[in-house]
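Visitor: Next come a sequence and a model predicted from it.
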Amino acid sequence: MFKFEFNKKELEEISEKALLSPLQARLIEYRIKDYSIDKMAMLEKMGTATISRELKKAKDKVKKSI
């Protein structure tokens, strides 16, 4: 699994630069806190497949913006 290692300020800057959706930004915050896909799905009231897809989209956006 892709591990994000940003501080709060870096996350805000990257979120703006990568044009992350609010959901994608929250998911990255959850990953930084080491939440599992299952826990994220429960918190966001979504399926695990949706969470995985959104994390992949966020990862791709972050990679392109860096």
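Guide: Nice, I can see it.
Visitor: Give me the buried positions along the strand or helix carrying residue 57.
Guide: Per DSSP states H and E, residue 57 falls inside helix 48-65. By neighbour count on 16 or more other Cβ atoms under 10 Å, the buried set for helix 48-65 is 51, 54-55, 58-59, 61-62. (Glycine included, C-beta is placed from N, CA and C.)
Visitor: Return the member of those nearest to residue 9.
Guide: Distance to residue 9, by Cβ to Cβ, is smallest for residue 62 among those, at 15.1 Å.
Visitor: and that closest one, what does it touch?
Guide: Residues near residue 62 by Cβ atoms under 8 Å, 6 or more residues apart in numbering: 4, 14, 18, 20, 28.
Visitor: for the chain, what are the low-confidence residue spans?
Guide: Scanning the chain for pLDDT under 70 picks out the ranges 1-4.
Visitor: what about the most centrally placed residue in it, which SS state?
Guide: For the chain, residue 28 is the residue whose C-alpha lies nearest the centre (Cα atoms, centre = their mean; 2.5 Å). Following DSSP: H, G, I helix; E, B strand; the rest coil, the label given to residue 28 is helix.
Visitor: could I get the contacts of residue 62 as CSV with secondary structure?
Guide: Putting the contacts of residue 62 into CSV (three-state DSSP) gives the following:
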residue, secondary structure
4, coil
14, helix
18, helix
20, coil
28, helix
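Visitor: Once you drop chain neighbours, what's closest to residue 29?
Guide: Setting aside the residues directly before and after it, residue 29 is nearest to residue 11 in space (Cβ to Cβ, 6 or more residues apart in numbering), at 6.8 Å.
Visitor: thought the one you found was touching residue 30?
Guide: No: Residue 11 lies out of contact with residue 30 (Cβ atoms under 8 Å); the separation is 11.5 Å.
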